[in-house]
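Visitor: requesting a structural model of the entry that follows:
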Amino acid sequence: MVLSNPTRKRIYDYIRANPGVHFSILRKKALSDESESSGQLVWHLEMLLKFNYINKIKAGNYTVFLPIEMEVELGIINFLLRDKINRKILDLLTTQSSIKNSEIFKLIDEKREKVNYRLKNLNNYDLIYYKEDPSKEVYLNPDKQEDVIDILNNFKIS
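Guide: Below is the predicted model of the structure:
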């Protein structure tokens, strides 16, 4: 019954196919035309939440949506890997045991400030860690490695 509304079904299907998506992306991608408003999106999301079709979590300043059966931690990893620079950093760390912090921005050809900001975020979410000083070696958290690789592969396929 909840999914009998075509707009709500489209929103739900988009969240299932793109776990970790935030509101702005949903508004652009899941609403079919300009006549559907942000207010309508909020209404449909509230219905999906109320009837336990989706889950809503906070990741930094973002409200992120995931299928109800997905663990919060996986939802956050999916959200973080929507960012191209985060993907480049983690992809690099899956192929090398560690990398000097000062080398990462050169290896992925991105601005140092952008990379440092992402590294701080990835560290805050426990996807990477530093053995001693953050200015030295960066490592992928081995407890998260399998999930990171699986999700990275999904992004490469799509």
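Visitor: ok, now which ones touch the nearest residue to Ile54 once chain neighbours are set aside?
Guide: Among residues not flanking Ile54 along the chain, Leu48 sits closest, at 4.5 Å (Cβ to Cβ, 6 or more residues apart in numbering). In short, each C-beta sits where N, CA and C put it, glycine included. Contacts here follow Cβ atoms under 8 Å, 6 or more residues apart in numbering; on that basis Leu48 touches 2, 8, 11-12, 15, 54.
Visitor: now the buried members of those.
Guide: Listed as buried from the contacts of Leu48 are 8, 11-12, 15, 54; burial here means 16 or more other Cβ atoms under 10 Å.
Visitor: that older thread, pull the most distant pair out of the contacts of Leu48.
Guide: Spatially, the most separated pair among the contacts of Leu48 is Val2 and Ile15, at 13.2 Å (Cβ to Cβ).
Visitor: that older thread, what separation do you get for the residue nearest to Ile54 and His22?
Guide: The gap separating Leu48 from His22 is 15 Å, by Cβ to Cβ, to the nearest Å.
Visitor: of the buried ones among the contacts of Leu48, closest to Asn121?
Guide: Distance to Asn121 across the buried ones among the contacts of Leu48 (Cβ to Cβ) is lowest for Ile15, with 22.4 Å.
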